[in-house]
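Peer 1: Give me a model of this one.
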Amino acid sequence: MISALASLQAFGPAAIFLGSGLEGQTVAIAGGVMARMGLIHWSLAVAAAFAGTAAMDQMLFFLGRYGRSTRLVSRWWPGPPSPGRPGSSRRTRSAL
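Peer 2: All right, here's what the predicted structure looks like:
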């Protein structure tokens, strides 16, 4: 089994890009460690982590914005709770 640091070393900025988009800050920090160790240039690690995180954020935004009525999204998230739905909280004007 390949360790995370070994795959980051083997694939460099592409692994940081994909990893920071999928995993998040752990891979971005690992990219910073690689930059500190001199395995990759620091600006390349920062750019790959930023681009991966920004790309994933935009993809998830557009999935929620324009794909919320698809079956795939409605299967995971049926919508906002309504007053008659179990688990929804009923707020009154006095509680606000």
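
Peer 1: and the gap between Arg36 and Ala45?
Peer 2: 9 Å (CB to CB, to the nearest Å). C-beta: built from backbone N, CA, C; applies to glycine.

Peer 1: With Gly67 instead?
Peer 2: Taking CB to CB, one finds Gly67 at 32 Å from Ala45.

Peer 1: quick revisit: more crowded one of Arg36 and Ala45?
Peer 2: Ala45 (24 against 11; other CB atoms under 10 Å).

Peer 1: burial of Leu60, as a residue count?
Peer 2: Considering only other CB under 10 Å, Leu60 is surrounded by 11 other residues.

Peer 1: Contacts for the helix or strand hosting it next, please.
Peer 2: Counting by DSSP states H and E, the element that carries Leu60 is helix 42-66. Residues from elsewhere that reach helix 42-66 (CB atoms under 8 Å, 6 or more residues apart in numbering): 12-14, 16-22, 24, 27-28, 31-32, 34-36, 73.
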